[in-house]
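Engineer: any chance you can model this:
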Amino acid sequence: MITKSLFIQIAMIALSIGIIITFVNPKFSEIGDLQDDIAVYQAEQQKVAGVNAQLSSLINVLDGVAPDDQKRLLRYMPDEVDTISVVRDLKIISDEADVVYISAASTGIGVPASEREEVGRAVFVAPRVYSFSLSVEGTYEQVKNLFVLLEQNNYPIEVKNMSVQKKTGGFLSVDIDLSVYAHESNVANQEIVF
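Structural biologist: Prediction:
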């Protein structure tokens, strides 16, 4: 009898080891993987909560901007730029500066590819750039006054490039490449020349 029970005990131990290897150990591995997934999910959930909190604070800051300031910002950085009005404004500014107006033209619309940034599923696009050229002639003081008036405009006009050539009689011939910005994102390229 003793030998039978010893064999039975050895068989039961072997059977329990087999069950542990074939069933319990894979279940423990699955539980470990599931716990790792839960930890990753909790970490990502904390990141999302942080982003949501930051977004809420930014929305509160935006809501805190006075309506008059919002109107000023919209004027300063509009959603759309009227290229004809900008060319007209360049002519008026040239006349106010007493320079000899030669020409002004819209030279294109675009956003540099380096200014596009993808974050997750959202794409942030830099402001739309409207390019213009202005050609004038005048004395040094007149040209300097032109730049002062460009700087005091209601919307930002950025000087990108400038070429100055000396003319006879103390006059300067100035060719200026200018940029105006807008939040707009979908505009077909167009060219307007006066």
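Engineer: pLDDT on stretch 73-90, on average?
Structural biologist: For stretch 73-90, the mean pLDDT works out to 82.
Engineer: likewise for stretch 45-54?
Structural biologist: Here the average pLDDT along stretch 45-54 is 91.
Engineer: and for stretch 24-41?
Structural biologist: 85.
Engineer: after the one helix or strand in the chain whose mean pLDDT sits lowest comes which helix or strand?
Structural biologist: When each helix and strand of the chain is scored by mean pLDDT, DSSP states H and E, strand 122-125 comes last, with a mean of 51. Downstream of strand 122-125, the next assigned helix or strand under DSSP states H and E is strand 128-138.
Engineer: what is that following strand packed up against?
Structural biologist: helix 83-96, strand 100-110, helix 140-151, strand 172-182 (3 or more C-beta pairs under 8 Å, 6 or more residues apart in numbering; DSSP states H and E). For the C-beta atoms, the positions are set from N, CA and C on the backbone; glycine is no exception.
Engineer: how far off centre is the first one?
Structural biologist: Averaging C-alpha coordinates over helix 83-96 and over its chain gives two centres that are 29 Å apart (C-alpha atoms, centre = their mean, to the nearest Å).
Engineer: please point out which parts of that helix sit buried.
Structural biologist: Neighbour counts over helix 83-96 (16 or more other C-beta atoms under 10 Å) mark Thr83, Val86, Val87, Asp89, Leu90, Ile93, Ser94 as buried.
Engineer: quick one, which of the helices and strands packed on strand 128-138 is nearest to Pro127?
Structural biologist: Closest to Pro127 of the helices and strands packed on strand 128-138 is strand 172-182 (C-beta to C-beta; 4.2 Å).
Engineer: where does Pro156 sit relative to Ser179, distance-wise?
Structural biologist: 9 Å (C-beta to C-beta, to the nearest Å).
Engineer: repeat that for Pro67.
Structural biologist: Distance from Pro67 to Ser179, by C-beta to C-beta: 29 Å.
Engineer: and Ser85, by the same measure?
Structural biologist: In terms of C-beta to C-beta, Ser85 sits 15 Å off from Ser179.
Engineer: Gln54 too?
Structural biologist: Taken as C-beta to C-beta, the span from Gln54 to Ser179 is 31 Å.
Engineer: more neighbours, these two?
Structural biologist: Ser179 (16 against 10; other C-beta atoms under 10 Å).
Engineer: what sits against that one?
Structural biologist: Val129, Tyr130, Ser131, Phe132, Ile157, Glu158, Lys160 (C-beta atoms under 8 Å, 6 or more residues apart in numbering).
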